[in-house]
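A.B. asks: Predicted model follows, preceded by the sequence.
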Amino acid sequence: MMQSQAQAAARLDVEPAVLVNIYRQMSRIRAVDKAIQAGLSGGKFLFSYWPMTGQESIPATISQLISKRDYMVTTYRGIHDQVAKGVPLAGLFSEALGRFDGVNKGKGGSPHISDPSSGSMLTTAIVGGGAPIANGLALAAKMRTEDRITIVNFGDGATSIGAVHEAMNLAGVWKLPLIFLCQNNQIGEYTPIPGYTASKDFASRAAGYGFKGVKLDANDVPAFYQGMKKIIEEVRRGEGPIFVEALTMRLGPHAGVGDTKELSREALQAAKEAWPVPRLRAQLIEDGISTEQQLAEIDEAARQEVDAAIAHALAATPTPREETLIDVYADPSVPPRRGHYPRREAEAEPGSGTGKPMLMLDAIREAQDLALEQDAGVFLLGEDIGDPPGGVFATSRGLQTKYGPERVRVTPIAETAIIGAGIGAALVGMRPVAEIMFNDFAGVCLDQIFNHAAKQRYMSGSATHVPMTIRMMVGGGTGGYGAQHSQSLEAWLLHTPGLKVTFPSTPFDAKGLLLSCIFDEDPCVQLESIRLLRGARGEAPAGDYRIPLGVAKVRREGSDITVVTYGWQVQESLAAAEELAKEGISVEVIDLRTLVPLDYHRVLDSVKKTRRALVVHAATEFCGFGGEIASTVHEELFSTLKAPVGRFGADFAPIAYCRDIELNQIPQAKSIAARIREVIAFK
Amino acid sequence: MTTQLTIPRLEMSMTEGVLTEWLVADGAQVNEGDPIYSLETGKSIQEIQSPASGRLTQKARAGETYPVGTDIGEIA
């Protein structure tokens, strides 16, 4: 009795109209959920569905406290979040049904909704994958001194994964205007608590990262509203992130329709009694705020809105297969296609005397300096990139001193958080440049790169895109970095539609390519050989110049064989060519410079002339990029070739620490020359 | 208005299901939300709720496996 009086008092503290609006949103969510489940059960729809039945009150309540300007990130179990955020239902159902007029052209589907017009920025189907990206959205708002907040929704199951922990740590240290909204429905997919964690709760984890955690009962709507109101005000005032553990229940199964099977009959019954949809409805009548008639009208309006949206979606055109290669990149000519080898215009040759001699690391620093100078949206982030030391390879030395710690941001040692923050900021138009110290560390942030950065344009039907740049240093051939700091892993990236990849071999190219990457509309990865950072000296003009992506360059002309290579293997190949010239073998060396988009046009032109080819790279030969290039040359020029196209890459072993193995397991001038002789000798 | 009943796709990997049992007799009246038949997929048996109210016409026998999308009945 006491409790119910207290609850009634709490209800009275909330404007009646707000409670009715919350109910209206819950009614809309409920109508969407029911229609989807009926459509699936009846066989009218054939798609995967992860019901959020029971969790309606969370976004319905928050919808009364935020606006479309505020950013949201959510998960595949997030239709309730989308509905309450204001994603248009016709576009939402069209998307779920794979229709061309869906909010994401039917390419993302219900688990990948992005609708910037309502502030729904990204929906991930990778558990926990949204939290690092939400940091970037919040960072962009903070750097632009906007009053927006960001809310990232995830389930309790996501509290186990590293991405969420990395994101919480970074949000804490950067005091981001962000709410980590854990919709704790007590079950991680098919495994209820405490099957997957010994934690007593999740809210208390925030203290470990230096910010506030709050536990709220989302089933008590008025109290939840009061709690969230304070939290949102605090975050909007710029007092840093807050972790909210919103207690709720998942009444449905992980996927499919009907009741959850992870709860006992009794527990399910209790959960249904606490379910805020019928509970708030009854309270509104009990407190005299609404009549049964008024609420029935709200329910009917929701049903009609949903029916109209479904009728629209069912009649809409399914997304046609002609769309396959659209939205992979901004430019539809970028995806490689057999038989299509566009010729892209090369850059103008720099006039003589315009350059100044520099190391590759200086060229990279200059490119970043110029980008920071000319565009306020450009910022750098990475481990140790501040002064001192200005990056472990000095590629940003002096830049933090010049541009300040906001734009040259030192991060924790947390690559997933670094890439995620870049993605989020890029989603709203900033141009982050993230440094990943070693290519080998791709392993600890690959989900952000290949599931999020690379796929977001496609999954969102170009509603959003990710104009970020990732610089990764590549070891190998330097002696003694060992197996975890020496590998060339470009093939991992090249196998991922949506990424562009550059791999310069000279200071001139490193600067011009990096500037092109930074101002490109798609996510770019620039691979930078550590051997070249300090070992390649050359001239590069002062000031801004761009090298177009997808233009290879002939480094040495020849007539007997074309060596196709890139990165630090260019130097080795040129040395091999010099050696072979003494034997009367004329070698043409092509430096690809950009690996995606790949300049097959110039490669094929060269091989048409020389009628022999060898592809050389530092990555393992087996399943390396050489296989791809050799195959295409065979397919296009089979009858012209004098010999099978050769591949030459590293032996299939981790890079060894000991010098004798390391320097010989990767192609070098002598072994490249030997391999060229083999191809030439073919009869 | 007639509502078709077809074998739903309840899981990403689901291609077929066993209609284990009709829970409502052929020709009987059902209400929207009533359990109408049981469906066994690779993982579990699930009671499928009626997407509409009306009279059920069964078109497929219980105890057999049907591909996703098979027409198994209607509610009129």
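C.D. replies: Thanks, I have it.
A.B. asks: Check chain B for the residue nearest chain A and tell me.
C.D. replies: residue B:6 (2.4 Å; C-beta to the nearest C-beta). (C-beta placed from N, C-alpha, C; glycine too.)
A.B. asks: For that residue, grab the count of nearby residues.
C.D. replies: Around residue B:6 there are 23 other residues, counting by other C-beta atoms under 10 Å in any protein chain shown.
A.B. asks: Spit out the contact partners of the nearest residue to it once chain neighbours are set aside.
C.D. replies: In this structure, residue B:6 finds its nearest non-sequential neighbour in residue A:43, 2.4 Å apart by C-beta to C-beta, 6 or more residues apart in numbering or on different chains. By C-beta atoms under 8 Å, 6 or more residues apart in numbering or on different chains, the residues touching residue A:43 are B:4, B:5, B:6, B:7, B:8, B:69, B:71.
A.B. asks: State the distance from residue A:43 to residue A:189.
C.D. replies: From residue A:43 across to residue A:189, the span is 25 Å (C-beta to C-beta, to the nearest Å).
A.B. asks: these two touch, right, the residue of chain B closest to chain A and residue B:74?
C.D. replies: No. Using C-beta atoms under 8 Å, residue B:6 is not in contact with residue B:74; the gap is 9.7 Å.
A.B. asks: can you list the weak-confidence ranges in the stretch 1-150 of chain A?
C.D. replies: For the stretch 1-150 of chain A, the stretches flagged by pLDDT under 70 are A:1-12.
A.B. asks: Looking from chain B, tell me which residue of it is nearest.
C.D. replies: residue A:43 (2.4 Å).
A.B. asks: Tell me the secondary structure at that residue.
C.D. replies: Following DSSP: H, G, I helix; E, B strand; the rest coil, residue A:43 is assigned to coil.
A.B. asks: what do you get for residue B:55?
C.D. replies: strand.
A.B. asks: what does the one 10 residues further on give?
C.D. replies: Using three-state DSSP as the criterion, the local structure at residue B:65 reads strand.
A.B. asks: Name the nearest residue to it, sequence neighbours excluded.
C.D. replies: In space, residue B:65 is closest to residue B:18, 5.0 Å off (C-beta to C-beta, 6+ apart).
A.B. asks: Just checking stretch A:295-302 against chain B, any contact.
C.D. replies: No. Counting by C-beta under 8 Å from any C-beta of the partner chain, no contacts exist between stretch A:295-302 and chain B, the nearest distance being 13.8 Å.
A.B. asks: now what about that stretch, what contacts it?
C.D. replies: With contact meaning C-beta under 8 Å, 6+ apart, stretch A:295-302 is reached by A:20, A:23, A:24, A:27, A:28, A:30, A:31, A:281, A:284, A:285.
A.B. asks: Any quick PyMOL command for the buried ones out of those?
C.D. replies: In PyMOL, this line selects whichever of the contacts of stretch A:295-302 come out buried by 16 or more other C-beta atoms under 10 Å in any protein chain shown:
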select buried, chain A and resi 20+23+24+27+28+30+31+281+284
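A.B. asks: didn't residue A:663 look like it was pressed against residue A:476?
C.D. replies: No. Using C-beta under 8 Å, residue A:663 is not in contact with residue A:476, being 9.9 Å away.
A.B. asks: More neighbours: those two, which one.
C.D. replies: Between residue A:663 and residue A:476, residue A:476 has the larger neighbour count (other C-beta under 10 Å), namely 26 against 14.
A.B. asks: I'd say that one and residue A:532 touch.
C.D. replies: No. If you go by C-beta under 8 Å, residue A:476 and residue A:532 don't touch, sitting 11.0 Å apart.
A.B. asks: list the residues that contact both of those two?
C.D. replies: Common neighbours of residue A:476 and residue A:532 (criterion: C-beta under 8 Å, 6+ apart): residue A:568.
A.B. asks: in its sheet, what does the helix or strand of chain B with the lowest mean pLDDT sit against?
C.D. replies: Least confident helix or strand, chain B: strand B:45-49 with a mean of 85, by mean pLDDT, DSSP states H and E. Strand B:45-49 has its sheet partners listed here by DSSP bridges as strand B:35-40 (antiparallel).
A.B. asks: export the strand it pairs with as PDB, just CAs?
C.D. replies: Only the C-alpha atoms of strand B:35-40 are listed here, as PDB (Å, rounded to 0.1, in the frame of the first residue of the first chain):
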ATOM      1  CA  PRO B  35      -1.600 -21.000 -30.100                       C
ATOM      2  CA  ILE B  36      -2.600 -22.600 -33.400                       C
ATOM      3  CA  TYR B  37       0.000 -25.200 -34.200                       C
ATOM      4  CA  SER B  38       3.400 -26.400 -32.900                       C
ATOM      5  CA  LEU B  39       6.400 -26.100 -35.200                       C
ATOM      6  CA  GLU B  40       9.700 -27.900 -34.600                       C
END
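A.B. asks: Enumerate the positions of it that are buried.
C.D. replies: Across strand B:35-40, burial judged by 16+ other C-beta under 10 Å covers B:36, B:37, B:38, B:39.
A.B. asks: Can you list the low-confidence ranges for the chain?
C.D. replies: By default, I'm working from chain A. A:1-12.
A.B. asks: My question was about chain B, not that one.
C.D. replies: B:43.
A.B. asks: which parts of it sit against chain A?
C.D. replies: Residues of chain B found near chain A (C-beta under 8 Å from any C-beta) are B:3-12, B:32, B:44, B:46-52, B:68-69, B:71.
A.B. asks: Need the buried ones from these selected in PyMOL.
C.D. replies: In PyMOL, this line selects whichever of the residues of chain B next to chain A come out buried by 16+ other C-beta under 10 Å:
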select buried, chain B and resi 3+5+6+7+8+9+10+11+46+47+48+49+50+51+52+68
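A.B. asks: burial of the one residue in the stretch 501-650 of chain A that gets nearest to chain B, as a residue count?
C.D. replies: Residue nearest to chain B within the stretch 501-650 of chain A: residue A:523 (26.9 Å; C-beta to the nearest C-beta). As a burial measure, residue A:523 scores 30 neighbours (other C-beta under 10 Å).
A.B. asks: before we move on, what about residue A:343?
C.D. replies: Neighbours around residue A:343, by other C-beta under 10 Å: 12.
A.B. asks: Please apply the same query to residue A:146.
C.D. replies: Neighbour count of residue A:146, defined by other C-beta under 10 Å: 13.
A.B. asks: gap between it and residue A:71?
C.D. replies: Look at residue A:146 and residue A:71: by C-beta to C-beta, they are 10 Å apart.
A.B. asks: Please name the residues that touch residue A:554.
C.D. replies: So residue A:554 contacts A:588, A:589, A:590, A:591, A:602, A:606 (C-beta under 8 Å, 6+ apart).
A.B. asks: Make sure I have this right: the second one is in a helix.
C.D. replies: No. For residue A:589, which was evaluated using three-state DSSP, the result is strand, with no helix membership.
A.B. asks: surely it meets residue A:558?
C.D. replies: Yes. Under the criterion of C-beta under 8 Å, residue A:589 makes contact with residue A:558 at 7.3 Å.
A.B. asks: Overlap of the contact sets of these two?
C.D. replies: residue A:577.
A.B. asks: Of the two, which one has the most company?
C.D. replies: Here residue A:589 and residue A:558 are compared on neighbour count by other C-beta under 10 Å; more neighbours surround residue A:589, at 27 against 20.
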